[in-house]
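K.L.:
sharing a model prediction with you, sequence too.
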Amino acid sequence: MSEPTAAQLKDEGNDFFRKQDYVGALAKYTKAIALDDKNAVLYANRAACHHGLNRYLDAVDDAKMATQIDPGYAKGWSRLAASRDALAEWERSAEAWQKALDALPKTNLNQYSAGLDAAKTRGKTAESPSVSRFKAEDANLPWKLATEMLPELRKAGPEKYSSSVSFTSPGGFAYGGNTMGLTYLTNGLMRDERAFHLNGSDWITKYNNQVKFEATARQAWHSDGVENIKELAQKRLKEKGWSNVRPALSVTVRAWIMRGMLDGHLRNKPDTGVQFLKRAVDLLEWGRNVWKNVHKDDRGAIFQDTFLRGVRSLHLKMFMNAYIADPGLNSKFPLEHLKEEAEDLLKEIEIASKNPSKEEVDPGMVSSFCIYPAAVAYTMIGFYHAQTAQHSDDVLACISFANGASAYLQAAKTYPEDDEFHAFYLSCAMDCMRNAGLPIRDFNLAAVTLRAAVPKMMKIWTVSALQQGGRDEKIQANLRSADETMKLVAEGKLTLEDPVPL
């Protein structure tokens with residue numbers, strides 16, 4: 001039997017697409033492109049599949065390829081415009097809609113005209129994304145409280161260093177004309193994103209100007225697709241060397257990281273945030289492999305183990321947020337993938353711990369790029385089990401909740417005792433213990449540890465986003481539950497080996 005032609009694969013892809021089976025259609029179009037990589041229609045069709053799967057960056061890459069192959073292909077430009085719309089890139093969207101209009105007969109403009117008008121309107125009325133601000137006096141902000149504790153911690157010695165030392169005090173946007181702005185911002189985010197603080201209504205405008213400045217100064221590729229960047233970076237490396245390519249790649253990756261975090265948290269679009277962060281991870285892993293024998297000073301800090309670990313940690317948390325926004329068995333962000341990524345990160349950290357760097361680093365560096373990523377990974381595994389339990393029968397649900405309790409306990413133990421996450425994930429573990437029907441003895445042990453952790457937490461984390469989201473109410477509810485349960489044990493109505501009452 002003869003192999004299918006590109007045209008046959010395209011028709012099969014079209015059938016899948018009509019049924020909204022975007023994964024099946026994408027596979028067919030990809031095979032067709034392998035046979036006919038100069039066909040603009042195939043790239044435009046695959047862009048539509050990516051768009052249907054909320055993979056807007058991949059949709060942009062394919063749509064751009066379609067327009068490069070055939071600049072007069074209106075559907076290619078419309079696919080590009082729609083993907084730019086999804087990424088809230090209104091100016092670029094308007095440009096693409098205009099190109100689509102220019103390529104159409106003058107009697108068939110209605111749909112694309114509407115798209116152009118909408119993009120222009122949004123571009124004019126777009127406001128800075130809403131920023132959730134702590135309702136607290138400046139003196140109660142976590143980084144202020146942590147800073148006040150530094151003298152005491154330094155006097156006590158490194159073994160007493162806790163979450164507070166990993167903070168970088170926030171400041172104004174003073175990077176104008178400085179090509180290190182993105183470096184400072186992304187390093188601070190990976191140290192601890194909770195200390196990322198926007199202190200002015202014009203911050204986003206200044207940030208966008210900073211990105212444009214650095215991208216131009218460093219000749220970055222932050223608007224190109226990953227595959228294209230791989231080719232361009234290697235070509236430029238041969239022509240201009242590492243002194244040119246190193247800062248260009250750094251700005252490219254760091255701009256993606258910032259875009260992912262801003263979209264995910266400030267614009268409440270974690271699905272888009274995942275795409276930008278995954279793109280950063282993919283390029284970093286590729287570069288580490290291709291240039292594995294290149295000295296770290298040449299290829300740059302972004303290819304160091306610690307940097308990749310920090311980005312992977314951000315990606316895991318964003319992936320979890322994307323699942324929360326699109327939950328269930330048919331989520332575009334499958335729990336199994338979250339668990340696998342978390343387990344891979346733990347393996348990587350374990351390997352690194354057996355071969356520690358001989359370079360002297362501050363304790364905050366160790367916390368941010370070794371301890372915290374491990375804690376995040378355990379948290380994701382706990383989240384996986386807790387969510388999986390909700391879609392399982394009673395027996396499997398109990399097993400999943402028990403596994404979730406174990407992972408959350410490990411996460412809590414990994415965080416410093418004064419970090420709010422130490423207390424919070426102890427409370428999450430107690431929730432899982434109750435649902436799993438674990439012995440009261442285990443539940444009470446967790447409660448004893450939690451009760452001791454709360455005063456330590458409150459020294460720094462009196463106010464935080466987690467606190468304003470119900471952290472303290474959840475913790476106190478579990479402590480009351482433990483008190484009530486132990487009262488029943490004291491009265492002889494229950495034993496320590498009985499399951500925790502629901």
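P.N.:
Thanks, I have the structure now. Numbering: from 1, shown residues only.
K.L.:
hey, let's count contacts and neighbours off CA atoms from now on
P.N.:
OK.
K.L.:
quick check: which ranges of this structure have low pLDDT?
P.N.:
Low-confidence segments of the chain (pLDDT under 70): 1, 106-139, 143, 150, 153-177, 360-364.
K.L.:
who touches the strand or helix carrying L284?
P.N.:
Following DSSP states H and E, the helix or strand that holds L284 is helix 270-290. Applying C-alpha atoms under 8 Å, 6 or more residues apart in numbering, the contact partners of helix 270-290 are 54-57, 87, 226, 230, 253-254, 256-257, 259-264, 302-303, 308, 311-312, 314-315, 318-319, 321-322, 325.
K.L.:
and for stretch 489-501?
P.N.:
M433, R434, G437, L438, P439, I440, R441, F443, T485, L488.
K.L.:
on that earlier part again, buried members of the contacts of helix 270-290 into PyMOL, please.
P.N.:
The PyMOL selection below is limited to those of these classed as buried (16 or more other C-alpha atoms under 10 Å):
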select buried, resi 54+55+56+57+87+226+253+254+256+257+259+260+261+262+263+264+302+303+308+311+312+314+315+318+319+321+322
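K.L.:
picking that back up, is it possible to get CSV of the contacts of stretch 489-501 that adds distance to A32 and secondary structure?
P.N.:
Putting the contacts of stretch 489-501 into CSV (distance: C-alpha to C-alpha, whole Å; DSSP: H, G, I helix; E, B strand; the rest coil) gives the following:
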residue, distance to A32, secondary structure
M433, 51, helix
R434, 53, helix
G437, 53, coil
L438, 54, coil
P439, 58, strand
I440, 60, helix
R441, 61, helix
F443, 57, helix
T485, 64, helix
L488, 68, helix
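K.L.:
of the residues you listed, grab the buried ones for ChimeraX.
P.N.:
One line in ChimeraX is enough to select the buried members of the contacts of stretch 489-501, burial here meaning 16+ other C-alpha under 10 Å:
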select :433,434,437,438,439,440,441,443,485
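K.L.:
need the max-distance pair from the contacts of stretch 489-501.
P.N.:
Maximum pairwise distance among the contacts of stretch 489-501 (C-alpha to C-alpha): 17.7 Å, between M433 and L488.
K.L.:
the helix holding L284: which residues count as buried?
P.N.:
270-281, 283-284, 287-288.
K.L.:
check stretch 193-200 too.
P.N.:
E193, A195, F196, H197, L198.
K.L.:
so which of those residues comes closest to E340?
P.N.:
Among the buried residues of stretch 193-200, and counting by C-alpha to C-alpha, the member closest to E340 is E193, at 23.3 Å.
K.L.:
tell me how far the closest one lies from D442.
P.N.:
For E193, the distance to D442 (C-alpha to C-alpha, to the nearest Å) stands at 32 Å.
K.L.:
same deal with Q20?
P.N.:
Where D442 is concerned, Q20 sits at a distance of 48 Å (C-alpha to C-alpha).
K.L.:
neighbours of I460, how many?
P.N.:
Here the number of neighbours of I460 (other C-alpha atoms under 10 Å) works out to 24.
K.L.:
thought it was touching A195?
P.N.:
No: judged on C-alpha atoms under 8 Å, I460 makes no contact with A195 at a distance of 11.8 Å.
K.L.:
could you check how far V454 is from A412?
P.N.:
As judged by C-alpha to C-alpha, V454 and A412 stand 13 Å apart.
K.L.:
those two: which has the busier surroundings?
P.N.:
Using other C-alpha under 10 Å as the criterion, V454 and A412 rank with A412 on top: 27 against 21.
K.L.:
and stretch 330-340, how far from the chain's centre?
P.N.:
14 Å (C-alpha atoms, centre = their mean, to the nearest Å).
K.L.:
for it, measure first residue to last.
P.N.:
Stretch 330-340: ends 18 Å apart by C-alpha to C-alpha.
K.L.:
buried ones in that stretch?
P.N.:
So, applying 16+ other C-alpha under 10 Å, buried residues of stretch 330-340: F333, P334, L335, L338, K339.
K.L.:
I figured the last one hits Y378, correct?
P.N.:
Spelled out, it's K339. No: using C-alpha under 8 Å, K339 is not in contact with Y378; the gap is 9.2 Å.
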